[in-house]
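A structural model of the following input is requested.
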Amino acid sequence: MTIDEGIQRIARYDEKIAGYDKVIQELARDRTKMANERTLLAYIRTGFSLIALGIALIKLFEEAISYYGGISANIIGGTIIVIGLIRYCQINKDIKEIIK
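Below you'll find the predicted structure:
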């Protein structure tokens, strides 16, 4: 093998590595987006669980404390869902800015 052939082989290898780096970056971006979506779903799941708890407290018990507890759980559950949506939008915006 001559020096020129060796240089050409190295150049081809560098092109392959550059292609792999691009794929790795795209996969990392996709993983980050999916993690953000999973976090949003966790916020929504938690919020709906609290809303269900609030409805159960209101419907099952006739005492004033359980009524106010149910209303509080509904408000907190709704707030958690809204916070999750806001957080998702902010992080999604940050991800898009970093990718550019």
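
packing partners for whatever helix or strand Arg38 lives in?
If you go by DSSP states H and E, Arg38 is part of helix 3-60. Contact analysis of helix 3-60 by 3 or more CB pairs under 8 Å, 6 or more residues apart in numbering; DSSP states H and E lists helix 64-99 as its packing neighbours. The way it works is simple: take the backbone N, C-alpha and C, and place the C-beta from them, glycine included.

for the helix it packs on, the distance to its chain's centre please.
A distance of 14 Å separates the centroid of the chain from that of helix 64-99, by CA atoms, centre = their mean, to the nearest Å.

check which residues of it are buried.
Residues 66, 69-70, 73-74, 76-77, 80-81, 84, 88, 91 are the ones in helix 64-99 that count as buried (16 or more other CB atoms under 10 Å).

quick check: the gap between the nearest residue to Leu60 once chain neighbours are set aside and Gln25.
Sequence neighbours aside, Ser66 is the residue nearest to Leu60 in space, at 7.5 Å (criterion: CB to CB, 6 or more residues apart in numbering). From Ser66 across to Gln25, the span is 53 Å (CB to CB, to the nearest Å).

next one: Gln90
For Gln90, the distance to Gln25 equals 22 Å [CB to CB].

with Gly47 instead?
Computed with CB to CB, the distance linking Gly47 and Gln25 is 34 Å.
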